[in-house]
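Asks: here is a sequence with its predicted model. Questions after.
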Amino acid sequence: AALPVGTPAPPPPAPHLFSDPAEVEALRGDLLAWYDRCKRDLPWRTLAATEPDADRRAYAVWVSEIMLQQTQVATVIDYYNRWMQKWPTLQALAEASLEEVNELWAGLGYYSRGKRLQEAARKVVSELAGRMPRTAEDLQKLLPGVGRYTAGAIASISYGQATGVVDGNVIRVLCRLRCIGADSSSPAVIDRLWDMANALVDRSRPGDFNQALMELGATVCVPKAPLCGECPVKQHCRAQRRKLFGKPTPVPDVEDCGVGGCPLCPPATEPWDSSLGVTNFPRKAAKKQPRVARTATCVLERRGCHGAPEYLIVQRPSSGLLAGLWEFPSLPLVQGLQEEKQREALADHLQACMGWPGVAGGLRFIGEVVHIFSHIHQTYVVYFLPLDGDVTLDPALSPSRWVTEEEFYASAVSTAMKKVLRGR
Ligand code: SF4
């Protein structure tokens, strides 16, 4: 039955909690000892451990956390090193142009991250006298683009604030440690996980503890085939215990934790599946299918002054998907358009924005390039158009420029456009 308004939610049933202080202590110790032994050497960890200045330390952690959102560690390392070399401080980043930021970010994906990072750096410099906010609460409140997770990571790692973090890795580890099988993307479950992370975090080494929990999720408690045999906290893991020992008596799964209708157990309609073992957890509601989109794009090529090919690129609008990046002239297509109509639509588009009449006849269809964005399944229908002689562009239209192949790859262009050029 619904609770009267204002009544606090009852605590979750004990099997989903860390209610024994001795066990919490042991878990912290086991996890930190493992982290000290096995942690990966990463450039942002070195900076966080050696940089004496708190603002510089926080900045170094902040950049790494923003880059690591949605991107693998192995990919981030090189970008991170180049970024920190180019802009070692907030002040340096605040003075950079968006074009420079986009160029360095090119290939890392989710481009608005770089832009927001720079906007926030400018804010710290102009409104906060160059001083980073000193608590997770203030970081989240004052810095655009810094959510609860990033704020917790910066505050715990840079300042030693005893605050937990919850990201995808932590969700997986906590759900397994405590057999949480309710939809882990639901706000109610996420709130519980934050409570748990805040209660668990080691008071004397919060930054290391948070990184250890995430490292465990990234290297041992991985999604598909977790290495439970090597896991430093396996003796505290209820999913592992359940896998090894099952249940003493066959009781209905709805009574997993002894409380009927438990909000954290797997739903009665999807009980524990013994063939999955610990990977019964976490569980997520089915993902929304990505939107399907088609875009016609044209590689316009001319001979440059030394005979080398040059390509025309135009800049995208400053908001929306791939904001401010450069691309070959492109046109979103309506679904189900036939090849001939696509070609005509693209020719009209080129004519309208570049002012060249009668290009349709020269357009050559090259092929299709598929690129998956997080929420869009994008197909680029690629055409090629060689141009003779010199072409001047109308500067009043959207920004555009001719680039050599080398300049193209060094420009702020998306990975998808690089695929288009490679496939021409
Ligand atoms: Fe994850 Fe297995 Fe360790 Fe449990 S024992 S935390 S499931 S790796």
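Replies: Perfect, thanks for sending it. Since this is a predicted model, take the numbers as computed values, not measurements. Residues are numbered from 1 along each chain as shown.
Asks: in the protein, which spans are strands?
Replies: In the chain, the strands defined using DSSP state E lie at 291-303, 309-315, 326-327, 330-333, 364-372, 376-386, 400-404.
Asks: can you redo those as a markdown table with mean neighbour count and distance to residue 156?
Replies: C-beta here means a position set from N, CA and C on the backbone, and glycine is covered the same way. Converted to a markdown table, the strands of the chain look like this (neighbours: other Cβ atoms under 10 Å; distance: least, Cβ to Cβ, whole Å):
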| stretch | mean neighbour count | distance to residue 156 |
| --- | --- | --- |
| strand 291-303 | 18 | 37 |
| strand 309-315 | 20 | 39 |
| strand 326-327 | 22 | 38 |
| strand 330-333 | 17 | 43 |
| strand 364-372 | 14 | 33 |
| strand 376-386 | 19 | 34 |
| strand 400-404 | 16 | 44 |
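Asks: out of the ones you listed, which is closest to the ligand?
Replies: For these, proximity to the ligand was assessed by Cβ to the nearest ligand atom; strand 364-372 is nearest, at 28.5 Å.
Asks: what is the closest one packed up against?
Replies: strand 376-386, helix 415-422 (3 or more Cβ pairs under 8 Å, 6 or more residues apart in numbering; DSSP states H and E).
Asks: what packs against the first one?
Replies: Which is strand 376-386. By 3+ Cβ pairs under 8 Å, 6+ apart, strand 376-386 packs against strand 291-303, helix 339-354, strand 364-372, helix 415-422.
Asks: at 6 Å what do you get?
Replies: Contact partners of strand 376-386 among helices and strands, from 3 or more Cβ pairs under 6 Å, 6 or more residues apart in numbering; DSSP states H and E: strand 291-303, strand 364-372.
Asks: how about these in JSON lines, adding mean pLDDT?
Replies: Converted to JSON lines, the helices and strands packed on strand 376-386 look like this (pLDDT from 0 to 100):
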{"stretch": "strand 291-303", "mean pLDDT": "92"}
{"stretch": "strand 364-372", "mean pLDDT": "91"}
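Asks: for residue 366, which non-adjacent residue is closest in space?
Replies: residue 382 (4.4 Å; Cβ to Cβ, 6 or more residues apart in numbering).
Asks: isn't the one you found right up against residue 365?
Replies: No. Contact between residue 382 and residue 365 fails when scored by Cβ atoms under 6 Å: they sit 7.6 Å apart.
Asks: any chance of the helices and strands packed on strand 364-372 in TSV, plus mean pLDDT?
Replies: Listed next are the helices and strands packed on strand 364-372 as TSV, based on pLDDT from 0 to 100:
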stretch	mean pLDDT
strand 376-386	93
helix 415-422	92
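Asks: redo the ones you listed as a markdown table? Include distance to the ligand.
Replies: Below are the helices and strands packed on strand 364-372 laid out as a markdown table (distance: least, Cβ to the nearest ligand atom, whole Å):
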| stretch | distance to the ligand |
| --- | --- |
| strand 376-386 | 32 |
| helix 415-422 | 33 |
